[in-house]
Every structure is written in structure tokens, then in C-alpha cells.
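Colleague: show me the folded form of this:
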Amino acid sequence: MKRSEARHKWQQIQDDLRRAVDILSEAAGEIEADDEILLRYGRGSLAQRSRNEFR
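Modeller: Numbers count the residues shown, from 1 in each chain. I've put the predicted structure just below:
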């Protein structure tokens with residue numbers, strides 16, 4: 001593999017990783033916002049529910 005091809009491949013990997021991190025951060029933010037709403041209206045948070053389901 002040529003150096004420029006390897007550099008291009010690493011750039012693709014970095015871009016994919018950056019997109020994955022952005023997606024996970026966005027999902028975590030949405031879950032946190034949902035938890036605030038659920039707690040405000042007297043229901044357990046999604047994080048608490050998921051922990052309880054696996055016990």
C-alpha cells in the first residue's frame with residue numbers, strides 16, 4: 001500500500017470515529033433530556049429502568 005493510500009485510509013477511519021462519537025454524544029444528550037422529563041413527572045429515568053431490567 002502506498003503512503004498516500006495509507007494516509008487516506010487513516011483519514012477515513014478518523015472521520016468515521018468522529019461521526020460515531022458525535023452520534024453517541026447526541027444520543028446521550030437526548031436520553032439525559034428524556035430522563036429530566038420523566039423525573040419531573042414522577043417516573044423513573046431511562047437509565048434506572050434499563051439497569052433494573054438487567055437485574
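
Colleague: which residues of this protein fall in strands?
Modeller: For the chain, strands defined by DSSP state E do not occur.

Colleague: flag the shaky bits of it, pLDDT-wise.
Modeller: For the chain, the stretches with pLDDT under 70 are 1, 43-55.

Colleague: ranges for the helices of it?
Modeller: 3-40, 46-53 (DSSP state H).

Colleague: as a markdown table, these with mean neighbour count would be great.
Modeller: Placement of C-beta: from N, CA and C, glycine included. Shown next, in a markdown table, are the helices of the chain (neighbours: other C-beta atoms under 10 Å):
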| stretch | mean neighbour count |
| --- | --- |
| helix 3-40 | 11 |
| helix 46-53 | 11 |
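
Colleague: any idea how far Ile31 is from the most centrally placed residue in the chain?
Modeller: Central residue of the chain (C-alpha atoms, centre = their mean): Leu24, 1.5 Å from the mean position. Between Leu24 and Ile31 the computed distance is 10 Å (C-beta to C-beta, to the nearest Å).

Colleague: mind checking how far Trp10 is from Glu26?
Modeller: Trp10 is 25 Å from Glu26, where distance means C-beta to C-beta.

Colleague: Gln11 too?
Modeller: 23 Å.

Colleague: do the same with Ile13
Modeller: 21 Å.

Colleague: for Asp16, same thing?
Modeller: Counting by C-beta to C-beta - Asp16 and Glu26 are separated by 16 Å.

Colleague: cool, Lys9 as well?
Modeller: 26 Å.

Colleague: do Asp35 as well
Modeller: In terms of C-beta to C-beta, Asp35 sits 15 Å off from Glu26.

Colleague: likewise for Ala33?
Modeller: Counting by C-beta to C-beta, the separation of Ala33 from Glu26 is 11 Å.
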